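# sequence and predicted structure, then a few things I'm wondering about:
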There are 2 protein chains.
Amino acid sequence: MSTEASDGTPPRPNLAAVAALAGVSASTASLAFSGAGPVSDATRAKVLAAAESLNYAGPDPRAQSLRRGRSGIIGVVIDDRLRDAFRDPMNIALLDGIADELGSAGLAMLLLTDTGEGGSDISLAPMDAVILVGCSTELDRSVTVFRQRGIPVIAVEAEAMPDVFPIDLDNRDATARGARHLKSLGHKNVAIVSLPLEGSHARGPITPERTAASSAHTARQRILGAHDVYPDAPGVVSAGSFVEEGVIAGRTLLEAADRPTAIIAQSDLLAAGVIRAAEELGIAVPGELSVLGFDGARLEGLAPYELTTLVQPAVEKGSAAGRAAIALLEGGHPEPVAFRSELRIGNTTAHSNS
Amino acid sequence: MSTEASDGTPPRPNLAAVAALAGVSASTASLAFSGAGPVSDATRAKVLAAAESLNYAGPDPRAQSLRRGRSGIIGVVIDDRLRDAFRDPMNIALLDGIADELGSAGLAMLLLTDTGEGGSDISLAPMDAVILVGCSTELDRSVTVFRQRGIPVIAVEAEAMPDVFPIDLDNRDATARGARHLKSLGHKNVAIVSLPLEGSHARGPITPERTAASSAHTARQRILGAHDVYPDAPGVVSAGSFVEEGVIAGRTLLEAADRPTAIIAQSDLLAAGVIRAAEELGIAVPGELSVLGFDGARLEGLAPYELTTLVQPAVEKGSAAGRAAIALLEGGHPEPVAFRSELRIGNTTAHSNS
DNA sequence: GCGGCGAATCGAATCGATTCGATCGATTCG
DNA sequence: CGAATCGATCGAATCGATTCGATTCGCCGC
């Protein structure tokens, strides 16, 4: 005769059972496990022995998180499909920076994707804080929920929002700096290859309307930066930060009647694609076409090119986000963080010939 | 006079408060939110209105997970640092497969790294199931805890363990098949470039002792597979699945006195590195050196080479793992899954000249 | 010998929701 | 017209641990 349920599964032991077997109260047993309080060695030993004999694995994290009001989990929301997000080394570097900080603080990272309206509701998970990565401001609704729950929200490169802690990058300024580099080289006919402007990842030309309506902060800022120097620069929107998207965009721009002498790509992957498209079309880089990237990814397989690009501190962005999350969790008031990108001149930009 | 705490933070509302304001019982309010029970429309509306006026964000996930015994979180344990794991497209594909399945089941993915003994304890997070990815069996201790907690454990390519649901790949057979391909091409002097054999990621020669002592299942199986065909094949252990590690390993093997005519690399990244090392040394591939990879990653920047490799279904491995997790969660008894890799012949293997 | 002190332990309240069984009306069927 | 039924709602128990205040006991000092 056992107390097993009819399905044959023995009831999982809880702290009370352990305490009972050890002949102490549940509170003492709790103290014995957490070590937060005066417990005699003898008692602790009894409790641990009882736990072992009951096959008790230690306090249930679910109950702990309810009681303590903390789950030890930090949400990281990516606005892409993982397979897409992971293809860009910048995202990986960012995640790595986040993971580093969180890991050493004993926190775990919950990876969520912002699939838009369709998918499962974000915010149904027990998170202590949330880091939004390149997320569209369409997250308004979720952000509201987080705020109501008192969950700190950190946003990496997003539109400023109240109660959202920003980790910024000088996307506009940096792009403008890069553009001025092109200008100083004599380029007049410059085109842009942009990151997606909408959640739909639609390709197509860059138009003022589209830019204005876009919820993609980074892409828009970089377009603005380019336009700060080349107000009339045309461009195309890619469907993602991939090499082959750069190829597609590059072909579009380079096969056009009025071929640009320089292209500002919003990521190194896109820039690599543009270069490949130029190669295909027999256009020399940097002789006939200068290409500017963004990120400083040091891509493999781009040899002999050394991309001229804006080097951003991606890992640092991540660790800053992680640190901010931890600080906010502890009730601190950290200072907003803004990072700067540096122009690194390689061999993909040169004087304009035309 | 308010009931605010002295720190000025208003108390966060709970379901009871909402119910009180709505003039119903907590149980009814719960029903109104979950929709799992007969609630009149009028009552539901009252409850929702009360929630809104109290700024209530909905049931607390922490409390839900305690009561329901489910947190909606699946742990994914990677045995590497993220920055390393993410560099291999296979891992990304795997994660993507997992994320796909979990996402459509409304589950979230908790990314954990197995930092060994040092880091924060795995298993302190509220997970419903856990997927071990390429994890060393040093996880014994954690697996014990999971078992005690009744948390299903799925292991991708790991040593068989009781109560651990396996997702397998034919690492040994597939490698042997690849090796036989080399044999059929007349190669006699074949060397191996292995994935790390220890958690320390130490480089060095492959020795029987090291192989036997290794806890790295995949690497060991692939060595065994190579030895099934070439029992005496020597080799070196790399420090990770990276191109530059392949370069290092390739140099070591190709600068040796008795240079091999074929190299079996345990990943496409390593193979790419080997090819690069051969190029550096002026050794023609496949003329003077055949190179076999593993994964089928279709790496960029390897042109004009088309790697001869063993194509594994990485995304499918991931979705199988995700599905298994879901099935086990629901108390099902899914069949263990074993995947097969296919030899894809490219232009990096050719007849031996010697 | 007694008051007081500190270490160890205990009881009870609490975290916030879910859920089962009971209750209460109102409607409908025989 | 009484009874059976169904829908809506409520009470209370429960999930598993933490934690605060109170209590007990032994020991020291005066």
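Sure thing, it's come through.
# ok, which residues in the stretch 1-150 of chain A are in contact with DNA strand D?
Residues of the stretch 1-150 of chain A lying close to DNA strand D (Cβ under 7 Å from any atom of the strand) are A:12, A:14-16, A:26-27, A:30-31, A:33-34, A:36, A:56, A:58-60, A:62-64, A:66-68. All C-beta spots, glycine's among them, are computed from the backbone N, C-alpha and C.
# again, only this time at 10 Å
A:11-19, A:25-34, A:36-38, A:51, A:56-70 (Cβ under 10 Å from any atom of the strand).
# close to chain B as well: tell me which of those qualify.
Filtering those for neighbours of chain B using Cβ under 8 Å from any Cβ of the partner chain leaves A:12, A:56, A:57, A:58, A:60, A:61, A:62, A:63, A:65, A:66, A:69.
# ok, the fifth one - contacts?
Residue A:60 makes contacts with A:14, B:66, B:126, B:149, as judged by Cβ atoms under 8 Å, 6 or more residues apart in numbering or on different chains.
# quick check: closest non-adjacent residue to residue A:344.
residue A:311 (4.9 Å; Cβ to Cβ, 6 or more residues apart in numbering or on different chains).
# look up how far DNA strand D lies from that neighbour.
45 Å (Cβ to the nearest atom of the strand, to the nearest Å).
# hmm, back to that, identify the farthest-apart pair in the contacts of residue A:60.
Across these, the longest distance by Cβ to Cβ is 15.0 Å; it joins A:14 and B:126.
# ok, those two, which is more surrounded?
Neighbour comparison, residue A:14 and residue B:126: the larger count goes to residue B:126, with 29 against 16 (by other Cβ atoms under 10 Å in any protein chain shown).
# list the contacts of that one.
Residues in contact with residue B:126 (Cβ under 8 Å, 6+ apart) are A:60, A:61, A:62, A:65, A:71, A:73, A:126, B:65, B:71, B:73.
# regarding it, what is its secondary structure?
coil (DSSP: H, G, I helix; E, B strand; the rest coil).
# what does residue A:323 give?
helix.
# how many neighbours does the residue lying closest to it once chain neighbours are set aside have?
Closest residue to residue A:323 in three dimensions, ignoring its sequence neighbours and counting by Cβ to Cβ, 6+ apart: residue A:101, at 5.3 Å. Neighbour count for residue A:101, taken as other Cβ under 10 Å: 20.
# list the residues that contact residue A:101.
A:318, A:319, A:321, A:322, A:323, A:325, A:326.
# 6 Å instead, please
A:319, A:322, A:323 (Cβ atoms under 6 Å, 6 or more residues apart in numbering or on different chains).
# now do residue A:32
A:39, A:44, A:47.
# how about the last one, secondary structure?
The one in question is residue A:47. helix.
# tell me the spacing between the nearest residue to it once chain neighbours are set aside and residue A:42.
Of all residues beyond its chain neighbours, the one nearest residue A:47 is residue A:32 (4.0 Å), with distances taken as Cβ to Cβ, 6+ apart. Per Cβ to Cβ, to the nearest Å, residue A:32 is found 11 Å from residue A:42.
# likewise for residue A:74?
Distance from residue A:74 to residue A:42, by Cβ to Cβ: 39 Å.
# these two: which has the busier surroundings?
More crowded of residue A:74 and residue A:42, by other Cβ under 10 Å: residue A:74, with 27 against 8.
# that one bridge partners, please.
residue A:109, residue A:129 (DSSP bridges).
# and it, how close does it get to DNA strand D?
20 Å.
# wait, doesn't that residue sit right on residue A:107?
Yes. Residue A:74 is within contact range of residue A:107, at 5.2 Å (criterion: Cβ atoms under 6 Å).
# what sits against the closest residue to chain B within the stretch 201-350 of chain A?
With Cβ to the nearest Cβ as the measure, residue A:301 is the residue of the stretch 201-350 of chain A nearest to chain B, at 1.5 Å. Listed by Cβ under 6 Å, 6+ apart, the contact set of residue A:301 reads B:300, B:301.
# alongside chain B, which residues does chain A contribute?
With Cβ under 6 Å from any Cβ of the partner chain as the criterion, chain A meets chain B at residues A:12, A:55, A:57, A:61-63, A:65-66, A:82-83, A:86, A:92, A:96, A:99, A:103, A:106, A:108-112, A:120, A:124-126, A:145, A:148-150, A:300-301.
# which of these fall in strands?
A:108, A:109, A:110, A:111, A:112 (DSSP state E).
# need the max-distance pair from those.
A:108 and A:112 (12.9 Å).
# between the two, which is the more surrounded one?
residue A:112 (26 against 23).
# drop anything exposed from the ones next to chain B among the residues of the stretch 1-150 of chain A next to DNA strand D.
Listed as buried from these are A:56, A:57, A:58, A:60, A:61, A:62, A:63, A:65, A:66; burial here means 16 or more other Cβ atoms under 10 Å in any protein chain shown.
# if we can go back for a sec, of the contacts of residue A:101, closest to residue B:161?
Using Cβ to Cβ, residue A:322 comes nearest to residue B:161 of the contacts of residue A:101, at 33.0 Å.
# pretty sure the closest one is touching residue A:102, no?
Yes. Shown here, residue A:322 and residue A:102 form a contact pair, counting by Cβ under 6 Å, at 5.1 Å.
# of the contacts of residue A:60, which belong to helices?
Here DSSP state H is the test, and the contacts of residue A:60 give B:66, B:149 as lying in helices.
# could the contacts of residue A:60 be laid out in JSON lines, adding distance to residue B:191?
Below are these laid out as JSON lines (distance: Cβ to Cβ, whole Å):
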{"residue": "A:14", "distance to residue B:191": "56"}
{"residue": "B:66", "distance to residue B:191": "56"}
{"residue": "B:126", "distance to residue B:191": "47"}
{"residue": "B:149", "distance to residue B:191": "45"}
